[in-house]
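Q: next input, structure requested:
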Amino acid sequence: MVQVLLSNNLYLGQEIMGHSEICVRRDHFLSGFTWMALSSPSCTHIDGVKKLKGLRYRNMSSQIVGKFSQNNQDISQEFQLPSAYESAMEALSTLITQKKRNGTSAISGPNQKLDRMLRYIKILGLEEKIADLKIIHVAGTKGKGSTCAFSEAILRECGFRTGLFTSPHLIDVRERYRLDGMDICQENFLQYFWDCWNQLKANISEDLPMPPLFQFLTVLAFKIFVSEKVDVAIIEVGLGGKLDSTNVIKEPVVCGITSLGMDHMETLGDTLGQIASHKAGILKPQIPAFSVPQLSEAMEVLQERANALMIPLKVVAPLTLEKLNGTRLSLSGDHQLSNAALAVSLCKSWLRSTGNWKRLFEDAYEENSLPEQFLRGLSAARLSGRAQIVVDPLINASGGNKRLSGGLTFYLDGAHSPESMDACARWFSAAAVERKDLSLSSVSSEVETMDRAWTNGSIKHCHNQESEEILKRILLFNCMDARDPQILLPKLVDTCASSGIYFSKAIFVPSISAYTKVTSATSTIPSYTPGKDLSWQFNLQRIWERIIHGKDVLDQNHKINALAGLPPREFLYEETSHCSPEDRYFTSSAVFPSLPLTINWLRDCVRENPSLRLQVLVTGSLHLVGDVLKLLRR
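A: Numbering: from 1, shown residues only. Next up, the predicted model:
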């Protein structure tokens, strides 16, 4: 049985669209069913876009959604990525530089990187075409991706063909490129990829080598958006701003700066003022600029740059409930009110600068109200791995009124700076106690009423009509060694504790993603790699135990055999106060040798105990968040 939702701008036939093949995006959503989104705007030939422009701008939902049974293996096998795509990933991997994050970076030197970017653009014949793009350029420490996602959704709802470039990707590199809200399809990606690759490869020299990975991906973004004739391109800065690869944009329509904080200090400087100076580098003469409220040290630098350019820098206050008029933001967390407000200001400025505001709204909306299109965009924006809740489909797909196994819910939010970790902790603290937690899954309408009292490390018994429920909150964490877990982990614990939220256990695990290779959504994931160095994870565990117990309980040489080190199921139920160093396992934490083994272990725990309900916060590295999402989709 197939249920299909049709939008107004779906395929009308290949003779009209000039297209011979439908590109398919496959997602595993919460219910355990496979949803397939067939993207017309991302895969449509240019001639077809011109012919149907009036139709497709009227309603930009732009997708056909089909619901298929999880057991339909034929569909899953039919749409496996072909080897041509893997070949492109192998080529991309050769562009990854081996320079360490804390090493000397080209961004701190002269403008050689931007000079090379301009030469790459010239080789591809994109100079004048990029100048014709109507771009929104966004920099900042945190909130860049969310602000860009909100902006894209708003302008798409206003009827414009949108292009969105963000970073990093979590599962597949095509996530970085969205056309009308959908990841670019594989067919078109490969076409644009090899076009850029071959032209650049044919023109390399000792003076001009192939670009590093992010430079190539940025050039590719311009190629895609120019070729797809987008009305607006929303471009997120990769790192910094002044010397970022995206800053070859000479005349954007409007610029935005999100919240600034201490991050990438090895590259941008070790003071907030130095970091703000890099971010302010995207501001341009005669181009409107907006910022969220900043700390005084950062705001002074931004204002000084704006004054030098003789442009006004408008500071945007967070959205209020009155302005939202009952609309709930699609991206969770109080901090999103600031990101959404910045997106609203950027979109209003873009519409006015391009002459579209009066045409669409005729000044019918006052400052304290938002157009319906804006509200729809704010409620529809999406950004994977940021304040995202995923109910494990393999555990929660049993039908009927009686649950056959426990519940397993993952709360995913990449956070690698103190500011982003604080925002993550506040979001999780609110989300973990919402009664609508399981309503995100379409499997069951069964939502238990829970007593909210919690104590650190204890088993919480929650009562419903059928059984006594055990609710446990687990931290699943990893971060790169360039980050400081001695700042991140205490920030997480303290912020959660201030809301009465405590973790029963913490699990430290290495990420799957290799920093030296670009992989696809279907790349092989080994369940265990013998001999993998877990010394960093044991260091994280030592820091955690020190936070929980107020003293060192692990010596520097503490390690356990990887395969023999999986704790027994009872590990989940032991209380923190019973810490016994001689037993190898510490009741507040454990190191697991691989992420697949961790996910399977958690699943086995809830399968064996129908009363057990796990809420797992996955945070720290975005690589870890992406790896978890990749595993849950399989």
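
Q: what number of residues lie near the closest residue to residue 329 other than its chain neighbours?
A: The spatially closest residue to residue 329, leaving aside those adjacent along the chain, is residue 336, at 5.2 Å (Cβ to Cβ, 6 or more residues apart in numbering). To be clear about C-beta, it is placed using only N, CA and C from the backbone, and glycine gets the same treatment. Other residues near residue 336 come to 26 when the count uses other Cβ atoms under 10 Å.

Q: now swap in the one 4 residues further on and tell me
A: One way to gauge burial is a neighbour count; for residue 340, by other Cβ under 10 Å, it gives 31.

Q: ok, the one 5 residues further on next?
A: Taking other Cβ under 10 Å as the neighbour definition, residue 345 ends up with a count of 22.

Q: again with the one 4 residues further on
A: Applying other Cβ under 10 Å, we find 21 residues neighbouring residue 349.

Q: quick check: it touching residue 252?
A: No - with contacts counted by Cβ atoms under 8 Å, residue 349 stays clear of residue 252, the gap being 10.6 Å.

Q: and residue 295, what pLDDT?
A: Confidence at residue 295, expressed as pLDDT, is 96.

Q: to what extent is it buried, counted in neighbours?
A: Counted with other Cβ under 10 Å, the neighbours of residue 295 add up to 13.

Q: ok, now residue 206?
A: By other Cβ under 10 Å, 5 other residues sit near residue 206.

Q: again with the one 10 residues further on
A: Residues within reach of residue 216, counting by other Cβ under 10 Å, total 20.

Q: does it sit in a helix or strand, and which one?
A: Under the criterion DSSP states H and E, the helix or strand holding residue 216 is helix 213-227.

Q: buried sites along stretch 131-145?
A: Within stretch 131-145, the residues scored as buried using 16 or more other Cβ atoms under 10 Å are 133-145.

Q: of the residues you listed, closest to residue 426?
A: Taking Cβ to Cβ as the measure, residue 426 lies nearest residue 142 of these, at 12.9 Å.

Q: excluding chain neighbours, what is closest to that closest one?
A: residue 420 (4.7 Å).

Q: partners of the top strand by length along the chain, with directions?
A: When secondary structure is assigned using DSSP state E, the longest strand within the chain turns out to be strand 468-478. In the sheet, strand 468-478 lines up against strand 460-463 (antiparallel), strand 505-508 (parallel), strand 612-620 (parallel) (DSSP bridges).

Q: okay if I get the ones you listed as CSV plus distance to residue 158 and mean neighbour count?
A: CSV is the format used below for the strands paired with strand 468-478 (distance: least, Cβ to Cβ, whole Å; neighbours: other Cβ atoms under 10 Å):
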stretch, distance to residue 158, mean neighbour count
strand 460-463, 45, 14
strand 505-508, 44, 25
strand 612-620, 34, 25
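
Q: if we can go back for a sec, dump the buried residues of stretch 131-145 to a markdown table, plus pLDDT, secondary structure and distance to residue 527.
A: Shown next, in a markdown table, are the buried residues of stretch 131-145 (pLDDT from 0 to 100; DSSP: H, G, I helix; E, B strand; the rest coil; distance: Cβ to Cβ, whole Å):
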| residue | pLDDT | secondary structure | distance to residue 527 |
| --- | --- | --- | --- |
| 133 | 98 | coil | 45 |
| 134 | 99 | coil | 47 |
| 135 | 99 | strand | 44 |
| 136 | 99 | strand | 43 |
| 137 | 99 | strand | 42 |
| 138 | 99 | strand | 39 |
| 139 | 98 | strand | 40 |
| 140 | 96 | coil | 38 |
| 141 | 93 | coil | 36 |
| 142 | 92 | strand | 34 |
| 143 | 94 | coil | 36 |
| 144 | 96 | helix | 34 |
| 145 | 96 | helix | 31 |
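
Q: flag every buried residue along the helix holding residue 216.
A: Residues of helix 213-227 classed as buried under the neighbour-count rule (16+ other Cβ under 10 Å) are 213-226.
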